[in-house]
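[1] need a structure here:
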Amino acid sequence: SNISPRIGVAVSLNQKTVVRGGFGLYYAPLLYGFNGSNTILEGTLGYSTGALYTPNGRQSTVFLRNYPDKPAVDPNGQFIGASNIDFFDPNFKTGRTAQWSVDIQRELPFKFAVSIGYIGSKGDRLKSNFARLNAVPLDALKLGFPLLNKPLADVTPAERQFAASVGFTLPANPNAIFAGFNGNVAQALKPFPQYGRINNLLESKGESWYHALQVKVDRRFSSGIQFGLSYTWSRLRTNASEDLFGASPIGGVLQNPFDISSLKSVSPNNPTHVVVFNYIFELPFGKGKRFLNEGGVVDRLVGGWQIGGIHRYQSGLPIVVFTSANRDFLDLVGYEGNLRLNRVAGEPILASPLNGNLGIRYQVLNPRAFVAPPNFQAPPTTDVTNAAYRAYYANPFRFFGTAPPVIDDEHVLPFKSENFNILKKTRITETKSFELGAEFFNLFNRHRYFQPGSDFRDQFVFGISDVIADPNIYGPRTIQLRFRFIF
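    Numbering: from 1, shown residues only. As a prediction, the model looks like this:
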């Protein structure tokens, strides 16, 4: 059972000052998701079930009165032969987030109020995908790519002796694994050599940490003026997924499943600074206003005008870079994902100046600021008895990039948005009037850009940001006119 306590406190220090605080525990729903998908049909369950019953959207098609009996265990029904299978963790727990906040609010003259607050949260048991249940030990990389990729049946005595010298005694023959095994050395060294990848659909080992400072200034609508301004400084650090189905923007840069601590990084979806302000201003002209306080034609011409807007400005996002080149060995040993890069000392991360093509395609990142780690798949020799072979693979860590999963030194592509409206209200009689208005969305027609290409392998797109061409996403300037008759 999930217990979700809530507590809130408000203390009035005086007639104009109040302090508020609160705490609560919240839980994610139970969803069968893996890498951002909410289906359990993307792999096999490890054995033949005869039937798989799943919900049909909102329509229940299976009921307890006709639910089939649990199938009998049939050892011969297992999928043997390096098939990828799904695994449901019996220790799964729904994601949990503890949230807390405290703020102080003060009433100011002229209908203004200001508040300053701190907001924090700590998430645990979040959906994750970094455990590799069927990965070879890290030290097995000392065997080198040529030997790991070699069929076990073809391993020579010299290669067996080399493997023993680095701490691994290879099985005497393929049948020592199981009858009919025909895999390579890497497959033979996996904890479950009869399977390939084992997808834990209910892994819940992720964590997150969020801290934010929020400042607000508001003016209640009075004398034709309403105004609101908020500023948020925030920092979200996480090692887990950022949606309910297990998708993670850093899921593809795990590289080493035995170094989970290095995954803790700033979220690439976290803008550090966000400023939003909105306003409504009735022009002080016409009947009942400060200037030209007259009725008749004058009021119909200059009275009833109102302008308003919502503006949002936020800093750019951190950067995720990796390389998909020479990463096949990660699949071979059951680590999956891609490789991180190494940083080049003295080289700036951002290209300077930004090289653009008519404002459509920009070189945002400096390719010289990164270099791929050594190629695990290209030793100087394939002879395991050669000292150069042993030296090349002596330190497995050198084949993993040392750059963090998310590079927070520089943020790219700040977001700016301005929406504006103008309204004219005209009274015809005491009971009849009409409104004529215009709304401007993305007033300055600002372009929206994709995050720069993150795969170092493709130098044609690495570090380059293109304008988003889909109008449903980037929202080009739109002007909307409306007329309303009120009676």
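[2] hey, let's count contacts and neighbours off CA atoms from now on
    Fine.
[3] residue boundaries of the helices in the stretch 351-487 of the chain?
    387-392, 471-474 (DSSP state H, counting those that start in this stretch).
[4] Mean pLDDT lowest where, among the ones you listed?
    Mean pLDDT across the helices of the stretch 351-487 of the chain is lowest at helix 471-474; the value there is a mean of 66.
[5] Touching, S315 and N269? I think so.
    No - when contacts are counted by CA atoms under 8 Å, S315 is not listed as touching N269 (11.1 Å).
[6] Between those two, tell me which one has more neighbours.
    S315 (17 against 13; other CA atoms under 10 Å).
[7] Please name the nearest non-neighbouring residue to that one.
    In space, and not counting its chain neighbours, S315 is closest to P414: 4.6 Å by CA to CA, 6 or more residues apart in numbering.
[8] State the distance from the one you found to A240.
    24 Å (CA to CA, to the nearest Å).
[9] Please identify which of those two sits among more neighbours.
    The neighbour count for P414 versus A240, taken as other CA under 10 Å, is higher for A240 (29 against 15).
[10] thought that one was touching G123?
    No - look at A240 against G123 with CA under 8 Å: they stay out of range, at 9.7 Å.
[11] So for those two, which residues contact both of them?
    206-208 (CA atoms under 8 Å, 6 or more residues apart in numbering).
[12] got the residues you listed as a markdown table, with neighbour count and secondary structure columns?
    Shown next, in a markdown table, are the shared contacts of A240 and G123 (neighbours: other CA atoms under 10 Å; DSSP: H, G, I helix; E, B strand; the rest coil):
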| residue | neighbour count | secondary structure |
| --- | --- | --- |
| G206 | 23 | strand |
| E207 | 21 | strand |
| S208 | 22 | strand |
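[13] Pipe those into JSON lines and attach pLDDT and distance to R197 per row.
    Formatted as JSON lines, the shared contacts of A240 and G123 follow (pLDDT from 0 to 100; distance: CA to CA, whole Å):
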{"residue": "G206", "pLDDT": "88", "distance to R197": "20"}
{"residue": "E207", "pLDDT": "91", "distance to R197": "24"}
{"residue": "S208", "pLDDT": "92", "distance to R197": "27"}
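[14] What is the nearest of those residues to G228?
    S208 (30.4 Å; CA to CA).
[15] what's across from the nearest residue to that closest one once chain neighbours are set aside in the sheet?
    Residue nearest to S208 in three dimensions, not counting chain neighbours: T238, with 4.1 Å by CA to CA, 6+ apart. As for beta bridges, T238 partners with S208, S265 under DSSP bridges.
[16] Quick check: T238 vs T97, distance?
    Distance, T238 to T97, using CA to CA: 13 Å.
[17] does L330 sit in a helix or strand, and which one?
    Here L330, judged by DSSP states H and E, is contained in helix 328-332.
[18] And the very next helix or strand once past that helix, what does it pack against?
    Helices and strands here follow DSSP H and E; after helix 328-332, the next one along the chain is strand 342-343. Helices and strands touching strand 342-343, by 3 or more CA pairs under 8 Å, 6 or more residues apart in numbering; DSSP states H and E, are strand 370-371.
[19] And the contacts of the strand it packs on?
    341-344.
[20] S4 sits in which helix or strand?
    S4 belongs to no helix or strand, assigned by DSSP H and E.
[21] now swap in the one 4 residues further on and tell me
    Secondary structure assignment for G8, by DSSP H and E: strand 6-14.
[22] Report the secondary structure state of S262.
    Following DSSP: H, G, I helix; E, B strand; the rest coil, S262 is assigned to helix.
[23] Identify the residues contacting the closest residue to it other than its chain neighbours.
    Using CA to CA, 6+ apart and skipping residues adjacent in sequence, the residue nearest S262 is P404, 7.1 Å away. The contact partners of P404, taken as CA under 8 Å, 6+ apart, are 262-263, 265, 340.
[24] Please name every helix or strand in contact with the helix ranked longest in the chain.
    Determined from DSSP state H, the single longest helix within the chain is helix 157-165. The contact analysis (3+ CA pairs under 8 Å, 6+ apart) places helix 157-165 against no helix or strand.
[25] right, and the helix or strand after it?
    Using DSSP H and E, the helix or strand that follows helix 157-165 in sequence is helix 185-188.
[26] elements contacting that following helix?
    helix 145-148.
[27] I'd like to know the average pLDDT value across the helix it packs on.
    pLDDT averaged over helix 145-148 gives 97.
[28] How far does that helix sit from its chain's centre?
    Chain-centre distance of helix 145-148: 35 Å, with CA atoms, centre = their mean, to the nearest Å.
[29] Repeat that for stretch 307-317.
    For stretch 307-317, the distance to the chain centre is 22 Å (CA atoms, centre = their mean).
[30] Going by neighbour count, list what's buried in that stretch.
    Buried residues in stretch 307-317, defined by neighbour count with 16 or more other CA atoms under 10 Å: 307-311, 313-317.
[31] so what's L189 closest to, chain neighbours aside?
    V136 (5.8 Å).
[32] N269 too?
    For N269, ignoring the flanking residues on the chain, the nearest one in space by CA to CA, 6+ apart is L317 at 6.3 Å.
[33] wait, isn't that neighbour in contact with P268?
    Yes - applying CA under 8 Å, one finds L317 in contact with P268, separated by 6.0 Å.
[34] what about T238, distance to F130?
    For T238 relative to F130 (CA to CA), the value is 13 Å.
[35] same thing with P268?
    18 Å.
[36] Does G304 touch F281 like I think?
    No - using CA under 8 Å, G304 is not in contact with F281, being 10.8 Å away.
[37] Mutual contacts of those two, please.
    Shared contacts of G304 and F281 (CA under 8 Å, 6+ apart): none.
[38] Does A98 belong to a helix, a strand or coil?
    strand.
[39] residues contacting the closest residue to it other than its chain neighbours?
    Leaving aside its chain neighbours, A98 sits nearest to L25 (4.6 Å; criterion: CA to CA, 6+ apart). Neighbouring residues of L25 by CA under 8 Å, 6+ apart: 3-6, 96-99.
[40] ok, 6 Å please
    4-5, 97-98 (CA atoms under 6 Å, 6 or more residues apart in numbering).
[41] F460 and P191, how far apart?
    40 Å.
[42] same thing with R219?
    64 Å.
[43] likewise G288?
    82 Å.
[44] isn't I319 right up against E410?
    No - with contact defined as CA atoms under 6 Å, I319 does not count as touching E410 (7.5 Å).
[45] between those two, who's got more neighbours?
    Neighbours per residue (other CA under 10 Å) separate I319 from E410, with I319 holding more: 25 against 13.
[46] in the sheet, who's paired with that one?
    Going by DSSP bridges, I319 forms beta bridges with I407.
[47] try R312
    V276, S417.
[48] Pull the contacting residues for it.
    With CA under 6 Å, 6+ apart, R312 has these contacts: 275-276, 416-417.
[49] ok, now I104?
    Here I104 is in contact with 18-19, 115-116 (CA under 6 Å, 6+ apart).
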